[in-house]
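Enquirer: Fold the following.
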Amino acid sequence: MSQVSNPVKKPLPEPTHWSKPFWDACKKHELHIQKCKDCSKLIMYPKRYCPHCLSENLTWVKSEGKGVIYSYTIVCNNPPTAFLSEVPYVVAVVELDEGVRMATNIVQSDFEDIKCEAPVEVVFEDITDEITLPKFRVLK
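Expert: Numbers count the residues shown, from 1 in each chain. Model (predicted):
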């Protein structure tokens, strides 16, 4: 009798032309963010245009990968089916030291240590040969 594999798989990011450098950096376990060469503002998440001045003149800079939890929730029930086996898990918005915010997960941390303004650092989860996800853990 053959085993039936789980047909539900987690969705994966689909890199675009302008987000590919972000995902390539993640594969190297580096966190990069965009910077507008015209107005010097930092941008997160990857975009084709600067949301501040609408310039297409964007570049990438390496982030230190440190910041604080800006907001979070602990998912305890009713997650999307693909994430059911991971309950409970933390979805958060992290404000990087560089000033931009990004949606992510908090991992490798005790729930009692997770709170707004808690300092965090990036860790990387290699999902496939092509996709590595940046996640964060609380610094003690």
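Enquirer: can you give me the helices in this structure?
Expert: Residue ranges of the helices in the chain, as given by DSSP state H, are 20-27.
Enquirer: max-length strand in it?
Expert: Ranked by residue count under DSSP state E, the longest strand found in the chain is strand 66-75.
Enquirer: Show the residue spans covered by the strands in the protein.
Expert: Going by DSSP E, the chain shows strands at 32-36, 42-43, 58-62, 66-75, 89-96, 101-106, 119-126, 132-138.
Enquirer: What pairs with the second one, parallel or antiparallel?
Expert: Partner strands and pairing direction for strand 42-43 (DSSP bridges) are strand 32-36 (antiparallel).
Enquirer: for the record, mean pLDDT for the strand it pairs with?
Expert: Average pLDDT, strand 32-36: 98.
Enquirer: With just CA atoms, put that strand into CSV.
Expert: Taking Å, rounded to 0.1, in the frame of the first residue of the first chain, the C-alpha atoms of strand 32-36 are listed here in CSV:
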residue,chain,number,x,y,z
HIS,A,32,19.2,43.5,2.0
ILE,A,33,16.8,46.5,1.6
GLN,A,34,16.3,48.9,-1.2
LYS,A,35,17.6,52.5,-1.2
CYS,A,36,16.5,55.2,-3.5
